[in-house]
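> Generate coordinates for the sequence data below:
(chains A and B)
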2 protein chains.
Amino acid sequence: KALYQMQGLLLSNLMFRLHKGLTALGQPYDYSTCMVILCHSRVLGADVAFGIHNGVFIPTIKELGIEAQIAKWVPLAQDLQIIGTYAQTELGHGTYLRGLETTVTFDPSNQEFVINMPRLSSIKWWPGDLGRSATHALVLAQLYTQGKCQGMHAFIVQIRSLVDHSSLPGVTVGDIGPKMNFDQVDNGFLILQNVHIPRENMLCRYSEVSPDGTYVKRGSDRINYFSMVLTRTRLLSAEIIPALAKACVIAIRYSVVRRQSKLKPGEMETKILDYQMQQQKLFPQLATVFAFHFMASSFEAFCNQVKVQIKSKGDFSSLPELHALSAGLKALLSDVCSAGVETCRRACGGHGYSLLSGLPSLYTRVAGSCTYEGENTVMQLQTARFLMNCLSKVYSGQPLPQSVSYLSDLFSTRCCGTEKTDFIKPPVYTKAYKHRAQRSGQCWGGNAIHCCLMFSLCFFCCQAHCQYTIVNNFVETMSRLQHEPEIQQVLQVLCDLYALSGILANAEEFLHDGYMTGHQLDLVTASQRDLLTCVRKDAVSLVDAFDYSDQQLHSAIGSYDGHAYQRLFEWAQKAPMNAKVPFALFLALSSCC
Amino acid sequence: KALYQMQGLLLSNLMFRLHKGLTALGQPYDYSTCMVILCHSRVLGADVAFGIHNGVFIPTIKELGIEAQIAKWVPLAQDLQIIGTYAQTELGHGTYLRGLETTVTFDPSNQEFVINMPRLSSIKWWPGDLGRSATHALVLAQLYTQGKCQGMHAFIVQIRSLVDHSSLPGVTVGDIGPKMNFDQVDNGFLILQNVHIPRENMLCRYSEVSPDGTYVKRGSDRINYFSMVLTRTRLLSAEIIPALAKACVIAIRYSVVRRQSKLKPGEMETKILDYQMQQQKLFPQLATVFAFHFMASSFEAFCNQVKVQIKSKGDFSSLPELHALSAGLKALLSDVCSAGVETCRRACGGHGYSLLSGLPSLYTRVAGSCTYEGENTVMQLQTARFLMNCLSKVYSGQPLPQSVSYLSDLFSTRCCGTEKTDFIKPPVYTKAYKHRAQRSGQCWGGNAIHCCLMFSLCFFCCQAHCQYTIVNNFVETMSRLQHEPEIQQVLQVLCDLYALSGILANAEEFLHDGYMTGHQLDLVTASQRDLLTCVRKDAVSLVDAFDYSDQQLHSAIGSYDGHAYQRLFEWAQKAPMNAKVPFALFLALSSCC
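Coordinates of the predicted model:
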């Protein structure tokens, strides 16, 4: 709390002093100069400062605004003359967007929208950059015109003065208090009571309210969701995958410094990375980083392709597929990366519990991604619903979107591997993943028991589909590396390891209908162990290749030079506890207790 | 960091002022009065203040000391005239105790022990109550006498002055810096250079160095481990299980307040606890709390029984069994409760990420228990090693300790359930767990593949044994409730739910050798779903019955009255950000930036 207070005071203070300072110098008041300085200030934590402003507010205006709106607002935002937030989530509703309660009612008599929040649960809650910073909010609200609700739309609302940063009439705004992490982000609350905005402030590329109040729609209902899809996609490469990558760097480097227990008397103690147990914890995580990295790249390319289709041809046909895949991937990657970071953290023993290791804050931060930008369970349900629609198309003989076309492929019933080396053949494991994804889907056509299993099938189905897609994509990426055999050789081991570790982690689903036998599973286990040994020799080079600087990792135990114990000891000496107490502060505090 | 600094300063300051104040009043200096006040002070966080002093230092002296040592040290400690810590873990070694590097060498010429730490990695690191508080340390170190190392023993070492709390000559002591949680505990480091202590300061109930330097041993080598077993046992009921219990209370209460999405148009939105998905997340956790609670009670009884055997009859024969079970249970319970708390936290969506929900700090705290008091992977290995010894006894026809006697029972090969109601019969699921535990053990006799599977078998084996023990214990506890049928009825559902959820979570192990078929597993799934519906009606009463006060839960969303949104809003208003900045503080801070 003290830290928190300090940050807030520094920020308010900085704004105030900049304002005062510039005014005192006789210069005309320049709000944007203050903002530029603030934005580059280390006070805010450079990596997340104004993340919503840059990452969501500006892109959403570009996606949902018409040219005139983009021309008016985007330059202001880019020059930091205004700071924007994206005010969607409310105290009472998150991922279920249809339940949002904030209303925007069109009044044709003065060509204005009137915004209201009918009850406590309607208060906007969680938007980033809102608590102390934002001057403008993109408010997502139910649009009412001519007495009828037209569903959720986006409106630009000024909430704070551009002169002195005070909140405008009808606006109550503040901070929502401390969180598990993201202390630098001023997540806020926003209450709007009878706030009027001009008709032009509704982002109207895809739907509009005409001066007489008539609601006019252009294009798909789903377009409002497109900006969320893009945000979710950026999240994979910007937040989720790097968290696991950094955790792997720290844990693998520490594991070649830490020695524990002797294998033979008289020898040196063994580096813990030489224990199969430690390899089993860390190497599948390392393989996962690569699998997810290649998947995110492919998915971004797909996103850009759909974006072009929509913008240039008004063709929305790929949006459901894009939305479903983005939801499923976001849920899977955030779950797996959170669990993976925690596995890396615990693999560093007691020192992984020290904040100085850098690992606890990687976890508390990435854990948030399981909930924000769409709660994972709901995301999985949405993907599962899309898959169910696709299956009904299979039955009626209709064509399927490319990413799910395998659902209509021939269904194999038995895995053909007989020796442990069979299972590192990409066709063998790809087929197994494909069978599992097909089967989870097909179960939905099933009997009474399967009906009451439906909820679990949703998750199996979504996960099986996404994991098949990722394995398939890794294999395809490897095949494109045929002209770089050295790289291909190293990465192929990780591809195999990712695939086999996934089979072992979900063994039940491969055994359940007899696709694999217990004996085949034992062969997979044996084969996966061999791969761990192969990865061992390249492990440190592979994490070094991620090229994170010591400053980016901020870990006493994961630095490039391997001086883990020295750095732990030195950093601990800097703890405030160990410093001499300055006399003035000492006197000041004496009066407090 | 600021918070951290504040706490430290308050403490140093408080000590200093108490000392000064009492001296100024002309009273004789009374160190223990200072300590009593400190100990009860809210500054330290009452629940964890001096936890190591009370929970480990005093009990260990009682366990490992002779009467004269107990008579000398325990009253001093109980009266807080001294504050003790337990200094075992070093910068370079944790759970692998034989690797500890601190040396204690006996010098017969002056009847003293001389303590040294030969290198950086030998520094004591992590002991609680050490950073700022402890005056004495129980130092665990390698004993050298007559030129020979006799292994790890415990020594009482004074580290700080009882007059002014300054560190004594040869002693360097400080705080190890910020952690994932436990900020109130002053985990510290300790460097001892050529520190001399009298011969009497070695705790010598079980081994002694005579005046001429001869090493004399009484009783088992393992007795040094007994105090760790007791600490681990206390941990279950004092830290690990309550974390999951509190998380269940918060998440289940919030889930009847939170409504999301409509099942039918026109109706109110549905309470999220009425969704099977939410029940699937939370109810198995609730059942787990009961299963673990009953297990911990039985295990404590077993501990006390062994304690009596050792103290009264010098009979150490049950110690290996006790040690193995304590290690396995500690690993399983800390893993499961940590994961369970995080499941509860995420089940509360965005608000579960706010510190105001109380859930993040439950996680960051209980997560530590996976590492401290014995790293979980090493604990599982130790239990597995014990089980392997027991199996070799089975083959050679020797009798087995009571808790593992089932290993020599008849081995059933097929599960006999044919309808979903069969699977809520305790004999059916108990038998399934028993089969799995027997099988994991028996695999070790296996072929070449099984050899390279040995490491994973360790974990399967340990987990299968512990889970069988817990299910068995739950069933037995229920049978003792036959005279309280209302209670029995409610708890029996939880017993069934715990057992079936565990089968589903480890389905692979029940399918692998054909003990269960895929169809039987579907019946288990269906049966488990029915149980969720049964638990729904009692869920809120069950968590209310844990009788945690709102103050103990400290959760804006989990209070008894259900006013989640009001309290979130009110508590957020108290965030420092939302307060007016006091002018004096404002000026003070202006000069900082």
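> And the strands in chain A?
Applying DSSP state E to chain A gives strands spanning A:84-87, A:103-107, A:112-116, A:124-125, A:136-145, A:148-158, A:171-175, A:188-198, A:207-209, A:215-217.
> Of those strands, which stretch is the most buried?
Among the strands of chain A, ranked by average contacts under mean count of other Cβ atoms under 10 Å in any protein chain shown, first place goes to strand A:84-87 (a mean of 29). For glycine as for every other residue, the C-beta is placed from the backbone atoms N, C-alpha and C.
> Tell me which other helices or strands that one touches.
helix A:51-52, helix A:58-64, strand A:136-145 (3 or more Cβ pairs under 8 Å, 6 or more residues apart in numbering or on different chains; DSSP states H and E).
> of all the ones you listed, which lies closest to B:Glu239?
Closest to B:Glu239 of those, according to Cβ to Cβ: helix A:51-52, at 36.2 Å.
> Mind putting the strands of chain A into JSON lines with mean pLDDT?
Output for the strands of chain A, formatted as JSON lines (pLDDT from 0 to 100):
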{"stretch": "strand A:84-87", "mean pLDDT": "96"}
{"stretch": "strand A:103-107", "mean pLDDT": "98"}
{"stretch": "strand A:112-116", "mean pLDDT": "98"}
{"stretch": "strand A:124-125", "mean pLDDT": "98"}
{"stretch": "strand A:136-145", "mean pLDDT": "97"}
{"stretch": "strand A:148-158", "mean pLDDT": "96"}
{"stretch": "strand A:171-175", "mean pLDDT": "94"}
{"stretch": "strand A:188-198", "mean pLDDT": "97"}
{"stretch": "strand A:207-209", "mean pLDDT": "95"}
{"stretch": "strand A:215-217", "mean pLDDT": "95"}
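> so which of those strands comes closest to A:Ser392?
strand A:148-158 (25.9 Å).
> mind checking which of the strands of chain A is nearest A:Phe283?
A:Phe283 lies closest to strand A:84-87 among the strands of chain A, at 38.6 Å (Cβ to Cβ).
> Parallel or antiparallel, which strands does that closest one pair with?
Applying DSSP bridges to the sheet, strand A:84-87 is found paired with strand A:136-145 (parallel).
> what about the strand it pairs with, distance to the chain center?
25 Å (Cα atoms, centre = their mean, to the nearest Å).
> Do I have it right that A:Trp262 meets A:Glu269?
To be clear, residue A:262 is Lys; Trp isn't right here. Yes - at 5.3 Å, A:Lys262 and A:Glu269 qualify as touching, with contact defined as Cβ atoms under 8 Å.
> need the residues of the stretch 251-400 of chain A near chain B, please.
Applying Cβ under 8 Å from any Cβ of the partner chain, one finds that the stretch 251-400 of chain A approaches chain B through A:258-261, A:269, A:276-277, A:280, A:342, A:346, A:349-350, A:352-356, A:360, A:364, A:367-368, A:370-372, A:375-377, A:381.
> Could you rerun that using 7 Å?
Residues of the stretch 251-400 of chain A lying close to chain B (Cβ under 7 Å from any Cβ of the partner chain) are A:260-261, A:269, A:276-277, A:346, A:349-350, A:353-356, A:360, A:368, A:370-372, A:375, A:377.
> Could you turn the buried ones of those residues into a ChimeraX selection?
One line in ChimeraX is enough to select the buried ones among those; burial here means 16 or more other Cβ atoms under 10 Å in any protein chain shown:
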select /A:260,269,276,277,346,349,350,353,354,355,356,360,368,370,371,372,375,377
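> a markdown table please, covering the helices and strands packed on strand A:84-87 and showing distance to B:Gly131.
Shown next, in a markdown table, are the helices and strands packed on strand A:84-87 (distance: least, Cβ to Cβ, whole Å):
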| stretch | distance to B:Gly131 |
| --- | --- |
| helix A:51-52 | 36 |
| helix A:58-64 | 47 |
| strand A:136-145 | 45 |
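> Now do the contacts for the closest residue to A:Leu333 other than its chain neighbours.
Leaving aside its sequence neighbours, A:Leu333 sits nearest to A:Ile240 (Cβ to Cβ, 6 or more residues apart in numbering or on different chains; 5.1 Å). Shown in contact with A:Ile240 (Cβ atoms under 7 Å, 6 or more residues apart in numbering or on different chains): A:Leu333, A:Ser334, A:Cys337, A:Val366, A:Ser369.
> The nearest residue to the fourth one once chain neighbours are set aside and chain B: what is the separation?
Across the structure, with Cβ to Cβ, 6+ apart as the measure, the residue nearest A:Val366 apart from its sequence neighbours is A:Ala243 (3.8 Å). Here A:Ala243 is placed at a distance of 15 Å from chain B (Cβ to the nearest Cβ, to the nearest Å).
> Pretty sure A:Cys337 is one of the things A:Ala243 touches, is it not?
Yes - shown here, A:Ala243 and A:Cys337 form a contact pair, counting by Cβ atoms under 7 Å, at 5.6 Å.
> what residues do the two have in common as contacts?
Counting by Cβ under 7 Å, 6+ apart, the residues touching both A:Ala243 and A:Cys337 are A:Val366.
> Looking at the two, which is more packed in?
Shown here are A:Ala243 and A:Cys337; by other Cβ atoms under 10 Å in any protein chain shown, A:Cys337 has more neighbours (29 against 23).
> hey, C-alpha coordinates of stretch A:230-245 in PDB?
These are the backbone C-alpha positions of stretch A:230-245, laid out as PDB (Å, rounded to 0.1, in the frame of the first residue of the first chain):
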ATOM      1  CA  LEU A 230      -7.000  -8.200 -32.200                       C
ATOM      2  CA  THR A 231      -6.200  -7.300 -28.600                       C
ATOM      3  CA  ARG A 232      -6.300 -10.900 -27.700                       C
ATOM      4  CA  THR A 233      -3.900 -11.800 -30.500                       C
ATOM      5  CA  ARG A 234      -1.400  -9.000 -29.500                       C
ATOM      6  CA  LEU A 235      -1.600 -10.400 -26.000                       C
ATOM      7  CA  LEU A 236      -0.200 -13.800 -27.000                       C
ATOM      8  CA  SER A 237       3.100 -12.400 -28.300                       C
ATOM      9  CA  ALA A 238       3.300  -9.300 -26.000                       C
ATOM     10  CA  GLU A 239       2.500 -10.800 -22.600                       C
ATOM     11  CA  ILE A 240       1.700 -14.500 -22.400                       C
ATOM     12  CA  ILE A 241       4.500 -16.200 -24.300                       C
ATOM     13  CA  PRO A 242       7.300 -13.900 -23.100                       C
ATOM     14  CA  ALA A 243       6.400 -14.700 -19.500                       C
ATOM     15  CA  LEU A 244       7.100 -18.400 -20.100                       C
ATOM     16  CA  ALA A 245      10.200 -17.700 -22.100                       C
END
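> And the helices and strands packed on strand A:84-87: which comes nearest A:Phe302?
Proximity to A:Phe302 (Cβ to Cβ) singles out helix A:58-64 among the helices and strands packed on strand A:84-87, at 16.8 Å.
> Show me what that closest one is packed against.
When contacts are defined as 3 or more Cβ pairs under 7 Å, 6 or more residues apart in numbering or on different chains; DSSP states H and E, helix A:58-64 sits against helix A:67-78, helix A:223-235.
> rank these by pLDDT, which is bottom?
Mean pLDDT is lowest for helix A:223-235 among those, at a mean of 81.
> Quickly check: that helix near chain B or not.
No - using Cβ under 7 Å from any Cβ, we find that helix A:223-235 stays clear of chain B, coming within 14.9 Å at best.
> With stretch A:404-419 instead?
No - residues of stretch A:404-419 are not located near chain B by Cβ under 7 Å from any Cβ, the shortest gap being 10.9 Å.
> That's all I had, so thanks and see you.
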